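> Structure for the following, please:
(chains A, B, C and D)
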2 protein chains.
Amino acid sequence: MSRSDPTNLQPFVDRLLARSVLTPDEIQAILALPVHPVEVRGQTDFVQVNEKTSCACFIASGMVARFGETRDGQRQITAFHIPGDMVDLNSVVRPIAVGGLTTLCNTTILEVPHTAIRALAVRYPAVAEAFWRDTMLDAAILMQWVVNVGKQRAKTRLAHIFCEMAIRLGGDRQILQEYDFPVSQERLAEAAGMTGVHVNRSLKALREEGLVTVKRYSVKIHDWQRLAQTGEFEADYLVADTGTDRRARLLAGD
Amino acid sequence: MSRSDPTNLQPFVDRLLARSVLTPDEIQAILALPVHPVEVRGQTDFVQVNEKTSCACFIASGMVARFGETRDGQRQITAFHIPGDMVDLNSVVRPIAVGGLTTLCNTTILEVPHTAIRALAVRYPAVAEAFWRDTMLDAAILMQWVVNVGKQRAKTRLAHIFCEMAIRLGGDRQILQEYDFPVSQERLAEAAGMTGVHVNRSLKALREEGLVTVKRYSVKIHDWQRLAQTGEFEADYLVADTGTDRRARLLAGD
DNA sequence: CGTAGACTTGACCTGCGTCAACGTGTGTGG
DNA sequence: CCACACACGTTGACGCAGGTCAAGTCTACG
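Have a look, this model is predicted:
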């Protein structure tokens, strides 16, 4: 039951507490959710597009990508999910997967049945609110992703992704200057909406400009300021809701 | 209090009922929400990026776009909102606007205070769930938007947008072959992630191929089949949750 | 030590951007 | 009701970011 126990939901609670206020009772109830641990090898699609799901997936370790597909099978990654994320929490109210899910490396997932989550949300409105808010953060990240893919140049797109992950992996507070990122250039291309070849060239440019070095399993940021500048990265959308007043509880009526 | 009364929320209730089950009590409570009608002229930004909001905006008539901005002021539209939409419902749990909102034509908005919506969500968990589900549909549309902008060609992107709006304006059931769409080519470009000039050429091509005719204030679809084909449009993500089992109530615990 | 995947690089191509000119429709004021 | 203006739509010429194709090279792992 310690925090390092890979089969408990404490990291999820920590995540929620960063943006929502929960009572000890509520926290205990979340930690008491039934979980079913599953080990998934890397590069495995474990949820298909339009599949009906019956549980949410908590990432205990590893990394996961959500993606959509074009008719000819090309993929567009729409989100990266990291340890502590409850992927598919949205599926609780909308059980048809809006995109596929695939592992980027060996990943430990804790499956949590929708039924249990629903029961919890009914009993504790503040928990329901915390869940809803959590899915809204994902939506905010997604909106930024659209802007990034729709209106930016190649280097900017990539830089933005590295900045986003540096903040998220750092727990929204510290900015990690170096982190594991088990994503091939091909996958980066699927995320940034470009081709593998051009990702390669753009990474080379970013490296030669002294901004960031990307290897297959790691990102090392050399100059955060200029990287954020190049990526037109504003952290607001990720961290803007940590203020006290924004964690107001539904129960308080304000 | 009739359905055509432009200051009541009946269309919003209709929208919710398409995907959620609500009791007469719950419906009455929603209809009893306090609203403050506001007339907004076209081409007006009425919510700024990162602005803190204190109410959600129901669109009684008109049309609205959500957008993000790059540093040099270019805009990327991330969603179109139509009459019946509760724009910014997400802001109830996350009051920092994730994008700006601008009117595409003269629009009547009913402002609904967050406080009232929160109070309702606490009192009726099923209403909270319906709200949450509604925001998740927006998120699903947004995910599709990323795929469209990230991985498709110009004609495909535009065709996809016209298909999406045909379904949404038709109430998710009928497919409108002709509808009002008060969007300039410049705006379409901001939505599709391209330039106005190229939108113009692509629209010309779509017209010459007999797929669709787009004028400043209207879209006329000539061949739905081929338009959907060209736009790689699958309506699943918009309508997949109208089945009975997917409208199950939180209260039912399943 | 071999093999399969990922990374790199070069040469060339093209969809779309950019710039610029001109046509057209619509709303306003005289 | 007309005239003007301004915003929007249309079209052509040209450039470039990024795509495509293809040939290596590196590296992890059995």
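> C-alpha from now on. contacts and neighbour counts both.
Noted.
> check contacts around the residue nearest to A:Y217 when sequence neighbours are not counted.
Computed as C-alpha to C-alpha, 6 or more residues apart in numbering or on different chains, the closest residue to A:Y217 that is not its neighbour in sequence is A:P182, at 4.3 Å. Contacts for A:P182 were tallied using C-alpha atoms under 8 Å, 6 or more residues apart in numbering or on different chains; they are A:63, A:104-105, A:216-218.
> Give me the buried subset of these.
Neighbour counting by 16 or more other C-alpha atoms under 10 Å in any protein chain shown classes A:63, A:104-105 among the contacts of A:P182 as buried.
> In terms of distance to A:K155, which of those ranks first?
Nearest to A:K155 among those is A:L104, at 22.3 Å by C-alpha to C-alpha.
> Take the buried ones among the contacts of A:P182 and lay them out in JSON lines including distance to chain B, pLDDT and secondary structure.
JSON lines is the format used below for the buried ones among the contacts of A:P182 (distance: C-alpha to the nearest C-alpha, whole Å; pLDDT from 0 to 100; DSSP: H, G, I helix; E, B strand; the rest coil):
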{"residue": "A:M63", "distance to chain B": "19", "pLDDT": "96", "secondary structure": "coil"}
{"residue": "A:L104", "distance to chain B": "19", "pLDDT": "96", "secondary structure": "coil"}
{"residue": "A:C105", "distance to chain B": "23", "pLDDT": "95", "secondary structure": "coil"}
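> could you redo those residues as TSV and give each row distance to B:Q10?
Shown next, in TSV, are the buried ones among the contacts of A:P182 (distance: C-alpha to C-alpha, whole Å):
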residue	distance to B:Q10
A:M63	43
A:L104	45
A:C105	48
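> Number of residues surrounding the residue nearest to A:G170 when sequence neighbours are not counted?
The shortest distance from A:G170 to any residue other than its chain neighbours is 5.4 Å, reached at A:L176 (C-alpha to C-alpha, 6+ apart). For A:L176, the count of nearby residues is 19 (other C-alpha atoms under 10 Å in any protein chain shown).
> who are the neighbours in contact with A:L176?
A:L176 touches A:166-167, A:169-170, counting by C-alpha under 8 Å, 6+ apart.
> Could you give the residue of the stretch 1-150 of chain A that lies closest to DNA strand C?
A:Q43 (8.0 Å; C-alpha to the nearest atom of the strand).
> State the number of residues packed around that residue.
Neighbours of A:Q43 (other C-alpha under 10 Å): 15.
> Please tell me I have it right and it contacts A:L104.
Yes. Assessed by C-alpha atoms under 8 Å, A:Q43 is found in contact with A:L104 at 5.4 Å.
> Distance check, A:P125 against B:L158.
Look at A:P125 and B:L158: by C-alpha to C-alpha, to the nearest Å, they are 41 Å apart.
> Please apply the same query to A:Q174.
41 Å.
> So for those two, which sits in the more crowded spot?
Neighbour comparison, A:Q174 and B:L158: the larger count goes to B:L158, with 26 against 11 (by other C-alpha under 10 Å).
> got any ranges where the stretch 151-254 of chain A has weak pLDDT?
Low-confidence segments of the stretch 151-254 of chain A (pLDDT under 70): A:172, A:240-254.
> Enumerate the strands of it by residue range, in sequence order.
Along the stretch 151-254 of chain A, counting by DSSP state E, counting those that start in this stretch, strands occupy A:178-180, A:212-215, A:218-221.
> Between the contacts of A:P182, which sits nearest A:G210?
A:S218 (15.9 Å).
> residues contacting the residue nearest to the closest one when sequence neighbours are not counted?
The spatially closest residue to A:S218, leaving aside those adjacent along the chain, is A:D180, at 4.2 Å (C-alpha to C-alpha, 6+ apart). A:D180 makes contacts with A:217-219, as judged by C-alpha under 8 Å, 6+ apart.
> How much space separates A:D180 from chain B?
In this view, A:D180 and chain B are 25 Å apart by C-alpha to the nearest C-alpha, to the nearest Å.
> which parts of chain A sit against DNA strand D?
A:152-155, A:193-199 (C-alpha under 7 Å from any atom of the strand).
> Can you sort out which of those also neighbour chain B?
For chain B, the contacts drawn from these by C-alpha under 8 Å from any C-alpha of the partner chain are A:152, A:193-194.
> Neighbour-wise, which one of the residues you listed leads?
A:G193 (27 neighbours).
> Now do the contacts for that residue.
A:76, A:149, B:150-151.
> Please narrow the residues you listed to those residing in helices.
Members of the contacts of A:G193 lying in helices (criterion: DSSP state H): A:149, B:150-151.
> List, out of the residues you listed, those positioned next to DNA strand C.
Among those, DNA strand C is touched by none when using C-alpha under 7 Å from any atom of the strand.
> Any chance of a ChimeraX selection covering the buried ones in those?
A single ChimeraX command selects the buried members of these (16+ other C-alpha under 10 Å):
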select /A:149 /B:150,151
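> Mind putting the ones in helices among the contacts of A:G193 into TSV with distance to B:D236?
Shown next, in TSV, are the ones in helices among the contacts of A:G193 (distance: C-alpha to C-alpha, whole Å):
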residue	distance to B:D236
A:V149	23
B:G150	20
B:K151	19
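> before we move on, the earlier item: of the residues of chain A next to DNA strand D, which are in range of DNA strand C?
Answer for the residues of chain A next to DNA strand D near DNA strand C (C-alpha under 7 Å from any atom of the strand): A:196-198.
> Okay, and which of those map to helices?
Going by DSSP H, the helices hold A:196-198 from these.
> how about those residues in JSON lines, adding neighbour count?
Listed next are these as JSON lines, based on neighbours: other C-alpha atoms under 10 Å in any protein chain shown:
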{"residue": "A:G196", "neighbour count": "17"}
{"residue": "A:V197", "neighbour count": "11"}
{"residue": "A:H198", "neighbour count": "15"}
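> can you redo those as TSV with distance to B:E209?
Below are these laid out as TSV (distance: C-alpha to C-alpha, whole Å):
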residue	distance to B:E209
A:G196	33
A:V197	33
A:H198	33
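> Before I go, just wanted to say thanks for your time.
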